[in-house]
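K.L.:
For reference, the sequence and a predicted model appear below.
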Amino acid sequence: MFPVAFLSGILFPSILASVQASVGDRMNSIGLTTLFNTTGAAAGPLLAGFALLPTIGFQWSLIFCSVGYALIGILVSGRSSWSFRRAVGLIIIGLSAVLILILAIFPYHRDEAHFAHATRPYEMDDYGRSLAHPIKKVEGISDTFQLLRLTNAFSMSATNPHSQRYMRLFGYIPLAFRPESTDVLLICYGCGVTADAFVRESHLKRIDVVDISKEVFDLADSYSGINYSNPLRDPRVTAFVQDGRFFLQASPRQYDIISGEPPPPKVAGSVNLYTEEFFSLMHSRLKEGGIATFWLPINQLKVAEAKAILRAFHNAFSNASVWASADQEWIMMGIKGPGRGVREEEMGRLWSEAGTGADLRRIGVEVPQQLAALFLMDGEEIDRITRDIAPLTDFYPKRLSDAPWDEQATHRFAWPYMEAAAAVHRFLWSPLINRIWPETLNKSLHSFFAVRESRYLSELMGSNKLAELDLYLRGSRLRTPVLEVLRSDEFRLSIAERVALNSESPPTETLPDLVAGALASRHVSEAIRLLEMERNRESRGVNDILLLTYLYCLNGSVDKAETLVAGNAGSIKRDWFIDWLWAKLETDFGFRPPAD
């Protein structure tokens with residue numbers, strides 16, 4: 001920056017001296033030079049921001065401006081200035097030659113290298129099976145976006161199923177506890193997942209969506225997914241290109257629900273959307289009994305930083321609570337006032353209606369009791385863990401540091417709230433829950449909390465997948481845990497089923513998801529049939545053999561299991577897992593392990 005600033009400082013008085021020599025009047029020369037300098041300074045950002053960046057992008061805008069400056073210099077220079085006999089002529093000719101050389105050797109694909117670098121963390125999923133492909137790039141006034149699509153031999157949804165769950169819960173949790181809601185405000189649009197959840201609720205009459213970036217709304221038609229449509233096309237939705245905080249300050253409207261999922265707290269410019277003052281603004285724009293939900297990604301914060309945000313939120317909402325699925329994407333919920341008790345039939349309406357019910361089941365919240373199993377803590381617990389923590393405020397934004405988070409410390413902080421027995425006790429004895437939760441839904445809650453604990457530990461530290469599958473198949477009727485342990489989900493399954501329906505024989509790539517779908521529906525015989533299909537395609541691995549062995553036993557065909565193991569004895573290497581599996585199958589089904 002120094003060379004540019006230094007030369008710019010020299011340039012203005014040099015131009016002023018040249019103008020004065022031409023005009024002759026010192027006052028007029030200063031006025032004219034300042035006028036054109038100010039006009040250029042005002043017009044430049046408008047031209048760059050509203051014309052160049054959206055149409056030709058940053059790189060070509062830079063080239064265009066550089067060439068423009070050079071042409072202006074050439075046009076205003078006199079013919080005598082180009083003489084080789086004068087020093088100024090040699091300088092101008094030399095600079096022109098340098099410009100031509102730079103334009104000749106400039107790396108015109110440099111911007112593509114930057115975009116490629118940005119996609120690198122997303123090129124493969126956690127299992128190394130999917131690649132990210134850019135499908136759209138947008139360079140706007142305040143942001144640059146690159147939309148990626150994950151593919152795995154057949155077209156996949158453009159949004160991550162894990163993200164789908166917690167983003168949709170930003171809408172469904174407050175809708176469950178305030179079923180009479182009609183007016184909603186969503187701060188930050190993102191990929192439109194939370195907005196899509198809201199538009200599925202037929203009782204809502206007005207949905208206001210605020211985002212500071214126009215380009216975010218422009219990309220809304222580019223997203224795809226199962227049963228997804230652009231929420232902005234819903235007549236109840238009004239989009240505002242505005243800063244979320246300013247919108248809360250300026251708008252007089254009161255809302256039943258305000259939800260926000262801004263960029264992560266440590267992204268530049270985001271900290272003031274996580275402060276006590278901002279949460280107080282949300283509180284002031286809620287109707288009495290209204291509910292606010294907000295994102296708390298503890299997996300991106302040091303523990304003390306997460307507690308500072310919790311303290312700030314609780315200072316704004318005396319009736320605060322925290323909810324989460326089997327992950328570290330926490331959701332803070334605040335109620336303006338004491339809140340009211342919700343009847344079972346009121347809450348159950350979300351699951352009984354076609355639009356919201358199918359969507360809730362798709363993200364793994366299949367019955368109302370699972371909503372209870374998202375509970376982590378209420379205001380009393382927040383008070384306890386933040387007793388010595390100062391809140392994050394506008395005056396003290398550095399309570400969020402630039403230091404990286406500590407994964408082990410975050411797990412130690414989160415685990416007590418995921419452990420099933422303690423979580424159930426905390427839920428049943430919470431004064432807030434006793435006031436707002438229908439007591440008739442308290443039966444058999446422990447099993448749902450246990451599923452969350454199991455999934456949390458599995459995703460965090462790994463697990464014996466077959467033991468986990470056996471737990472879900474024989475101890476629960478839920479679909480989603482079965483799909484997840486087999487590395488699938490409702491979104492992948494829907495696509496796989498659609499591809500298989502249009503094929504004479506299911507493509508090999510779809511079989512793992514189809515097997516997972518059959519087991520999620522407890523159609524063990526169908527899962528066996530699909531696994532047996534792989535035998536003819538020579539695509540079956542040892543894990544498929546062991547899964548098929550287990551399913552034969554579960555389906556009462558122990559003799560087939562013994563025959564399958566005997567025929568593949570050379571492929572099965574004895575280790576702790578095989579010893580565990582043989583012992584379990586022998587104990588539970590009478591399976592006779594092969595002789596050593």
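P.N.:
Received it, and whenever you're ready, just let me know what you need.

K.L.:
what about the strands in the protein?
P.N.:
Here the chain has its strands, by DSSP state E, at 131-139, 144-152, 154-155, 183-187, 206-211, 237-241, 255-260, 286-297, 319-323, 329-335, 375-378.

K.L.:
centre of the chain versus the last one, how much separation?
P.N.:
Strand 375-378 has its C-alpha centroid displaced from the chain centroid by 22 Å (CA atoms, centre = their mean, to the nearest Å).

K.L.:
Just the pLDDT at the residue nearest the centre of the chain, thanks.
P.N.:
In the chain, the centroid-proximal residue (CA atoms, centre = their mean) is Ser163; its distance is 4.7 Å. As predicted, Ser163 sits at a pLDDT of 81.

K.L.:
Now do the same contact list for it.
P.N.:
Cys191, Val193 (CB atoms under 8 Å, 6 or more residues apart in numbering). Backbone N, C-alpha and C define where each C-beta goes, glycine included.

K.L.:
picking up where we left off before, could you tell me the least trusted of the strands of the chain?
P.N.:
strand 154-155 (a mean of 34).

K.L.:
now Cys553, nearest residue through space, not along the chain?
P.N.:
Leaving out its chain neighbours, the residue that sits closest to Cys553 by CB to CB, 6 or more residues apart in numbering is Phe589, at 4.0 Å.

K.L.:
what's the neighbour count on the nearest residue to Tyr396 once chain neighbours are set aside?
P.N.:
With CB to CB, 6+ apart as the criterion, Tyr396 has its nearest non-adjacent residue at 6.9 Å, and that residue is Ala390. If you count neighbours by other CB atoms under 10 Å, Ala390 ends up with 14.

K.L.:
mind checking how far Ala390 is from Ala308?
P.N.:
The spacing between Ala390 and Ala308, counted by CB to CB, to the nearest Å, is 7 Å.

K.L.:
Need the overlap of contacts for these two.
P.N.:
Arg399.

K.L.:
How many residues are close by Leu460?
P.N.:
The tally of other residues near Leu460 (other CB under 10 Å) stands at 16.

K.L.:
Let me know the distance separating the residue nearest to the centre of the chain from Phe217.
P.N.:
Counting by CB to CB, the gap from Ser163 to Phe217 is 19 Å.

K.L.:
what's the answer for Leu547, then?
P.N.:
For Leu547, the distance to Phe217 (CB to CB) stands at 45 Å.

K.L.:
neighbour count winner among the two?
P.N.:
Between Leu547 and Phe217, counting by other CB under 10 Å, Leu547 is the more crowded of the two (21 against 17).

K.L.:
The more buried one and Leu466 touch, don't they?
P.N.:
Yes - between Leu547 and Leu466 there is a contact at 7.0 Å, judged by CB atoms under 8 Å.

K.L.:
where do the contact lists of the two overlap?
P.N.:
Joint contacts of Leu547 and Leu466 (CB under 8 Å, 6+ apart) do not exist.

K.L.:
Contacts only, for Ile212.
P.N.:
By CB under 8 Å, 6+ apart, the residues touching Ile212 are Ser142, Val241, Gln242, Asp243, Gly244.

K.L.:
wait, doesn't the second one sit right on Phe217?
P.N.:
Yes - at 7.0 Å, Val241 counts as touching Phe217 under the criterion of CB under 8 Å.

K.L.:
who touches both of the two?
P.N.:
With CB under 8 Å, 6+ apart, Val241 and Phe217 have common neighbours Asp211.

K.L.:
Any figure for the gap between the closest residue to Phe413 other than its chain neighbours and Leu548?
P.N.:
Computed as CB to CB, 6+ apart, the closest residue to Phe413 that is not its neighbour in sequence is Val303, at 4.7 Å. Taking CB to CB as the criterion, Val303 is separated from Leu548 by 44 Å.

K.L.:
again, but for Thr480
P.N.:
For Thr480, the distance to Leu548 - CB to CB - is 23 Å.
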